[in-house]
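Student: This is the structure alone, sequence omitted:
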């Protein structure tokens, strides 16, 4: 009996070992990628692009045996601005807006040959723009303050000051086949319209401006089939509404401007079925509000206001259950904060305006979502302040525009998240100054609007190429599988393009 039991356990152990070996080799086979093609690298991405801490079984193997993962591009670098082309916009370009697909550029400002709105086709291969059409906002000295594409790219909303027509808000349908704009509707804002904002689903349009009748903020439903607006509600914002901002889900609208019942910033819940607004909260700021911006998750609001002595950057948490705004932090920008911008992941906040007490007209703050507090990581001084800022390349860079006094009116800065340090990587001229920036959807081009130089009155609109793809690619700390199926870890290589 003992011999029988020993034999039984021996056979059981042997079968167990065979099963373990089978599982082991099966695992190796499913993890091994197809054999890579031998490819002697002569040309790589001409970029500082980084592929870091990733695992890939999609590789190509060089003649020297280097296994290199491809198809994973985590970050590209911006190393200079190259002027591609430009266009005239009267004596001032006040707004530029790329179509959602980046194939067209709409510009607005002072009249150019009687047209405050212009539409251009952008040829990436040739690096040129071709004017397709233009429209007037009114007569005489009428100007456009803002232009915005609908999210589907088929309509343009234009906001401005008018003469001869009572339609500070106008809608144009874009015929791609013919390359033409056709006015489909126009509505009054009162004296002037400063901002228009499409709801995330393109079904509504919110506007802000000046009005003689107490409706500085207006809501219109939009009939996409015919391109017409129907007013559904309006609210007061002191005597001037300067900005409107939809929450990411379109359920709330934040407004900014002069004080309304002591509130320079207001938040309204939005009833999509009826198109009406209900005020849920408001805050009093030390001065008039210039800008308001929702965090990407819709739980915080950043605000910029004008004040010489008190903090002009404000952070409020938003309680959806009660609709209340609760102040969590503030910081000083200087005499005025002109713009605030959240990084795409909501982890940082950019603020721009006049020079702060420490001399920084641009500041970057890390944001603690748990406490709603700001911690300054770095700042940059710009003579005569900064008018606008915008994040680029998923928050790795940002662009800033302002006066040409004392430096480049257009500047690009890199932002190192590990150290929180800003480094200027590029700059470009723009006449007497730039006031508006817009990055193309693919992140490769930058359009700017501003004031022309006295010696060149035809450069109010400019387009720059931002990605020049220099050498020194870095691939490090990756797990890759080459032609042999072997695993290679902690690999770092510097690759020079030719």
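Tutor: Yep, it's here. Please read these numbers as outputs of a predicted model, since none were measured by experiment. Residues are numbered from 1 along each chain as shown.
Student: if I pick residue 281, what's in contact with it?
Tutor: Listed by Cβ atoms under 8 Å, 6 or more residues apart in numbering, the contact partners of residue 281 are 266, 267, 318, 323, 324, 325. To be clear about C-beta, it is placed using only N, CA and C from the backbone, and glycine gets the same treatment.
Student: Show me where the stretch 101-250 of the chain dips below the pLDDT cut-off.
Tutor: 138-144, 163-166, 212 (pLDDT under 70).
Student: now do 50
Tutor: 140 (pLDDT under 50).
Student: what's the closest of the contacts of residue 281 to residue 426?
Tutor: residue 318 (36.1 Å; Cβ to Cβ).
Student: Give me the buried positions along stretch 153-165.
Tutor: 153, 154, 155, 156, 157, 158, 159, 160, 161, 162 (16 or more other Cβ atoms under 10 Å).
Student: In strands only, show me the residues you listed.
Tutor: 155, 156, 157, 158, 159, 160, 161 (DSSP state E).
Student: Next, the buried residues of stretch 329-336.
Tutor: 329, 330, 331, 332, 333, 334, 336.
Student: Can you tell me the SS state at residue 17?
Tutor: Using DSSP: H, G, I helix; E, B strand; the rest coil, the structure places residue 17 in helix.
Student: same question but for residue 14, I mixed them up
Tutor: helix.
Student: where do the strands sit along the stretch 51-200 of the chain?
Tutor: 55-56, 59-61, 67-69, 82-87, 93-98, 104-112, 115-123, 128-135, 143-149, 155-161, 169-175, 180-187, 192-198 (DSSP state E, counting those that start in this stretch).
Student: Could you do the stretch 201-350 of the chain as well?
Tutor: Using DSSP E, counting those that start in this stretch, strands in the stretch 201-350 of the chain cover 204-210, 217-223, 228-235, 241-246, 252-260, 263-271, 276-283, 289-294, 300-305, 313-319, 324-331, 337-342, 348-353.
Student: To residue 373, which of those lies closest?
Tutor: strand 324-331 (4.5 Å).
Student: Residues in contact with the closest one: which ones?
Tutor: 265, 267, 280-283, 300-301, 311, 313-319, 351, 363, 365, 371-374, 376.
Student: let's go with 7 Å and repeat that
Tutor: Here strand 324-331 makes contact (Cβ atoms under 7 Å, 6 or more residues apart in numbering) with 267, 281, 283, 301, 311, 313-319, 365, 371-374, 376.
Student: Drop anything exposed from those.
Tutor: For these, buried by 16+ other Cβ under 10 Å: 267, 281, 283, 301, 313-318, 365, 372, 374, 376.
Student: from the middle of its chain, how far away would the helix or strand where residue 399 lies be?
Tutor: Here residue 399, judged by DSSP states H and E, is contained in strand 397-402. Centroid displacement of strand 397-402 relative to its chain, using Cα atoms, centre = their mean, to the nearest Å, is 12 Å.
Student: How about stretch 148-162?
Tutor: 18 Å.
Student: what's the span of that stretch from first residue to last?
Tutor: The first and last residues of stretch 148-162 sit 18 Å apart, counting by Cα to Cα, to the nearest Å.
Student: And the contacts of it?
Tutor: 97, 99-101, 106, 108, 116-117, 137-138, 142-147, 168-174, 181, 192-198, 200, 202, 205, 207, 227.
Student: Local confidence estimate at the nearest residue in space to residue 384 that is not next to it in sequence?
Tutor: The spatially closest residue to residue 384, leaving aside those adjacent along the chain, is residue 403, at 4.1 Å (Cβ to Cβ, 6 or more residues apart in numbering). Looking at residue 403, its pLDDT reads 79.
Student: what do you get for residue 271?
Tutor: Confidence score, pLDDT, at residue 271: 97.
Student: Neighbours of the closest residue to it other than its chain neighbours, how many?
Tutor: Spatial nearest neighbour of residue 271, excluding adjacent residues (Cβ to Cβ, 6+ apart): residue 278 at 7.1 Å. The local packing of residue 278 (other Cβ atoms under 10 Å) involves 13 other residues.
Student: Residue 278 contacts residue 266, correct?
Tutor: No. Look at residue 278 against residue 266 with Cβ atoms under 7 Å: they stay out of range, at 11.0 Å.
Student: count of neighbours near the residue nearest to residue 384?
Tutor: Neighbours of residue 403 using other Cβ under 10 Å come to 20.
Student: How about residue 10?
Tutor: By other Cβ under 10 Å, neighbour count at residue 10 equals 10.
Student: in the sheet, who's paired with residue 373?
Tutor: residue 368 (DSSP bridges).
Student: list the contacts for the nearest residue to residue 90 once chain neighbours are set aside?
Tutor: Nearest in space to residue 90, with sequence neighbours left out and distances taken as Cβ to Cβ, 6+ apart, is residue 110 at 3.1 Å. Taking Cβ under 7 Å, 6+ apart, we find residue 110 in contact with 89, 90, 91, 92, 116, 143.
Student: ok, back up a step: buried ones among the contacts of stretch 148-162?
Tutor: 97, 99, 106, 108, 116-117, 137-138, 142-147, 168-174, 181, 192-198, 202, 205, 207, 227.
Student: Output the below-cut-off pLDDT ranges for the stretch 351-498 of the chain.
Tutor: If you take pLDDT under 50 as the line, the stretch 351-498 of the chain has these spans: 469-498.
Student: What are the buried residues along stretch 114-129?
Tutor: Buried, per 16+ other Cβ under 10 Å, within stretch 114-129: 115, 116, 117, 118, 119, 120, 121, 122, 129.
Student: How about stretch 277-291?
Tutor: Per 16+ other Cβ under 10 Å, stretch 277-291 contains these buried residues: 277, 280, 281, 282, 283, 285, 287, 288, 289, 290, 291.
Student: what mean pLDDT does it have?
Tutor: Stretch 277-291 comes out at a mean pLDDT of 90.
Student: Could you tell me the end-to-end distance of that stretch?
Tutor: Start-to-end, stretch 277-291 (Cα to Cα) is 20 Å.
Student: Could I get the buried residue list for the helix or strand that the strand holding residue 399 is followed by?
Tutor: Proceeding N to C from strand 397-402, the next assigned helix or strand is strand 410-416, under DSSP H and E. Of all the residues in strand 410-416, those buried under the rule 16+ other Cβ under 10 Å are 410, 411, 412, 413, 414, 415.
Student: now, which of the residues you listed sits nearest residue 433?
Tutor: Closest to residue 433, out of all of those and judged by Cβ to Cβ, is residue 410, at 9.3 Å.
Student: and the end-to-end length of stretch 161-181?
Tutor: Across stretch 161-181, first to last residue, Cα to Cα, it's 20 Å.
Student: Pull the distance from it to the chain's centre.
Tutor: The answer for stretch 161-181 is 25 Å, by Cα atoms, centre = their mean.
Student: do the same with stretch 284-303
Tutor: Worked out by Cα atoms, centre = their mean, stretch 284-303 lies 16 Å from the chain centre.
Student: I'd say residue 304 and residue 313 touch.
Tutor: Yes. Contact criterion Cβ under 7 Å: residue 304 and residue 313 qualify, at 6.1 Å.
Student: Show me the common contact partners of these two, please.
Tutor: 337, 340, 351.
Student: isn't the second one right up against residue 294?
Tutor: If I follow you right, that is residue 340. No. Taking contacts as Cβ under 7 Å, residue 340 lies outside contact range of residue 294: 10.6 Å.
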